Each structure stands twice: as structure tokens, then as C-alpha cells.
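Novice: Structure for the following, please:
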Amino acid sequence: MSSITRPGLEEAVAGIDLVRRAYYFETIDSTSDWAKALIERSGGRGDFHGTLVFANHQTAGRGRQKRQWVSPPGKSLLFSLILDPAVLPVVAGDASSRLLAYAGPVAVCETLRDAGIQAATIKYPNDVLISNRKVSGTLLELISASGRGHYVLGVGLNVSQQPGDLPSNSIVPATSVALETKSVCQPQLLLRGVLLHLERLLSGDSVGGLAARMNLLCDTIGKLAEIQTPAGVLSGTALRIEPDGGLVMRLDSGIQQTIYSGDVIHLTGGRS
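Specialist: Predicted structure coming up:
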């Protein structure tokens, strides 16, 4: 089991300046929905930066495009973190704000690599894979109340699932840390690792470091891919992540285009 106790949560966040307060739930519908409701009830007047909402089980977890995130009780890391852009140097400006969405997957990927899982990579824009199997997803949402905006960063990481616990109908096959390492996992250490990496990524006054790490860890770079965008499906080779957060593609037509949102399907090929 990968359940974290309330005292365990307190130990995991001890000494991490990014986390100013933490809420603990055994079961909740969605940590992100609870965080959003907290902001909305205040009319945007409260100081919520650094508020962590953690749960051992979600009954209505979700990812991008409102896709369901399935998490059996006690087998995943499930948390949301409220971030105030007014106090984050790394998101000073529209372009930097787009890059904030990469902080979650980069922090998870870095943590897995610290744990010895060197096959951990990022699938643009927000999934973390281990050997082409999905182990984590993150979701960044902007919540505005009375004209003031806060970000809610939601993170889901499969920790101790076994094959029967994982969805069988996913476009990208799923996995867990336990399946990949074939060892007993310590979720408290994984949680602390992700939060420490987030603190480091968000503490600088330049987005260069975050963009560089995303380019290094993103397995989409160098691959042939199809991207579903609001303007339709684009296909080509992913070249790089720009400092403004855009993904540069060399389309099949030969032209280069920068894309700021979309769902990606890896086709074939590797890094060039």
C-alpha cells in the first residue's frame, strides 16, 4: 500500500518553504476541485499561495480534457498545490505563465530519475512516461475570483498499482513505480521529492532553467507526432520547446510552426 498518514504528510512537507499549509484527506472527490472551491469561497481575497491539498483516494479525479483519472485507494500520490503568480518570479508575464504548466511533469520526472528510474521521460505537454508507459499526469488550471487569479497544479502519480489495478483501455498503456522498480515504494519520499523539485523550479527569476529541463526530459522532442490543436490535426517532427513555452514542429509540408496547446500522439522515430 502507498497510503500516507497525516503525520507522514507533515514529515514530507517539513522544511519546504513552497508549502505554507497542508490539508489531508483519506478520500475526496478531487483535490483540485477542493482547492478551487477554497479560492472561490473567499472571492479571491485570501492568501492561498503554497496551499497543498492531499488525498489517498479520489472518487472524481481528472486530467486534461476532463478525462477520468482512475486511482484505486491508497496506491497513488494525489495532490494539488495552489500557486499565486504574483509571488512567483518564474511566471512574471504571459509567456512565462505558459511554462508553469511544465513545472509539474518536470518535477515528477526529476524525482523518478533521482529514485533510479532513468527511463522516465515527459510526453508533451504534461504526461510522465516510463519506457513509453504512463505513470503520471499533471493538470494546471487558472482560477479567477474577483479579478485575481491563482493557479491550481494537480498531480497524479501511480505508485504501487499492480497490473489488475491499471486501466486496460488507455491510449497510452499505464504503469506504476512499483511495477517498474519491482520493489516496495516509499510514497512519502516521492511526495517530498516532487515538492522539493517544484520549489527549486519555481524559485528562480528566469524561465530558462525550466525550458532547458523540459527540452532535455521531453521524449516528444525528435519524434514524429500528430497533434490535435484547435485548428485541426498537425503532423510532423517535434523540434524543441521555446523559451515562451511553445512547441516548435517541422510539419510534413516542411514549414516550422509553434504550437501552444494540443493532444499529442507519438508516431515513430526517436530523438535526432
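Novice: all helices of the stretch 151-272 of the chain, in order?
Specialist: Secondary structure of the stretch 151-272 of the chain by DSSP state H, counting those that start in this stretch: the helices cover 177-181, 187-203, 208-217.
Novice: now the spatially closest residue to T27 that is not a sequence neighbour: how far from P125?
Specialist: Leaving aside its sequence neighbours, T27 sits nearest to H57 (Cβ to Cβ, 6 or more residues apart in numbering; 4.5 Å). The way it works is simple: take the backbone N, C-alpha and C, and place the C-beta from them, glycine included. Relative to P125, H57 is positioned 26 Å away (criterion: Cβ to Cβ, to the nearest Å).
Novice: In terms of packing, which of the two has more residues around it?
Specialist: Between H57 and P125, counting by other Cβ atoms under 10 Å, P125 is the more crowded of the two (26 against 17).
Novice: Skipping its backbone neighbours, what lies nearest the more buried one in space?
Specialist: Across the structure, with Cβ to Cβ, 6+ apart as the measure, the residue nearest P125 apart from its sequence neighbours is A101 (6.3 Å).
Novice: So what does the one you found look like in phi/psi?
Specialist: Geometry field for A101 lists phi and psi as phi -60, psi -20, criterion degrees, to the nearest 10.
Novice: same check, this time on T121
Specialist: The phi and psi values for T121, taken as degrees, to the nearest 10, are phi -140, psi 170.
Novice: what's the answer for the one 3 residues further on, then?
Specialist: The phi and psi values for Y124, taken as degrees, to the nearest 10, are phi -60, psi 140.
Novice: My read is that it contacts V248, right?
Specialist: No. Under the criterion of Cβ atoms under 8 Å, Y124 lies out of contact with V248, with a separation of 11.2 Å.
Novice: what is in contact with these two at once?
Specialist: With contacts taken as Cβ atoms under 8 Å, 6 or more residues apart in numbering, Y124 and V248 have A238, I241 as neighbours in common.
Novice: Which of the two has more residues huddled nearby?
Specialist: Y124 (23 against 16).
Novice: from the middle of its chain, how far away would stretch 74-92 be?
Specialist: 10 Å (Cα atoms, centre = their mean, to the nearest Å).
Novice: Report the mean confidence score over that stretch.
Specialist: In this model, stretch 74-92 has a mean pLDDT of 85.
Novice: try stretch 3-15
Specialist: For stretch 3-15, the mean per-residue pLDDT is 96.
Novice: Same question for stretch 120-129.
Specialist: Averaged across stretch 120-129, pLDDT comes to 94.
Novice: Can you read off the pLDDT for the nearest residue in space to R133 that is not next to it in sequence?
Specialist: Once flanking residues are discounted, R133 sits nearest to T175: 3.8 Å by Cβ to Cβ, 6+ apart. On the pLDDT scale, T175 is placed at 95.
Novice: if I pick E26, what's in contact with it?
Specialist: Taking Cβ under 8 Å, 6+ apart as the criterion, E26 is in contact with A55, N56, H57.
Novice: Strands - which of the residues you listed land there?
Specialist: A55 (DSSP state E).
Novice: Switch the contacts of E26 over to TSV; also include pLDDT.
Specialist: What follows is those, written out as TSV (pLDDT from 0 to 100):
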residue	pLDDT
A55	96
N56	95
H57	93
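Novice: right, and out of the contacts of E26, which lies closest to R21?
Specialist: Looking at the contacts of E26 and their distance to R21, the nearest is A55, at 15.5 Å (Cβ to Cβ).
Novice: so what's the closest one bridging to?
Specialist: Beta-bridge pairing of A55, defined through DSSP bridges, involves F25, L78.
Novice: thought it was touching S76?
Specialist: No. With the criterion set as Cβ under 8 Å, A55 and S76 do not qualify as a contacting pair; they are 9.3 Å apart.
Novice: The residue nearest to P125 and L142: what is the separation?
Specialist: Counting by Cβ to Cβ, the gap between A101 and L142 amounts to 10 Å.
Novice: Of those two, give the one with the bigger neighbour count.
Specialist: Applying other Cβ under 10 Å to A101 and L142 shows that A101 carries more neighbours, namely 20 against 12.
Novice: circling back to that earlier point, out of A55 and S76, name the residue with the larger neighbour count.
Specialist: S76 (29 against 25).
Novice: Test my guess that the more buried one contacts N158.
Specialist: Yes. If you go by Cβ under 8 Å, S76 and N158 touch, sitting 5.6 Å apart.
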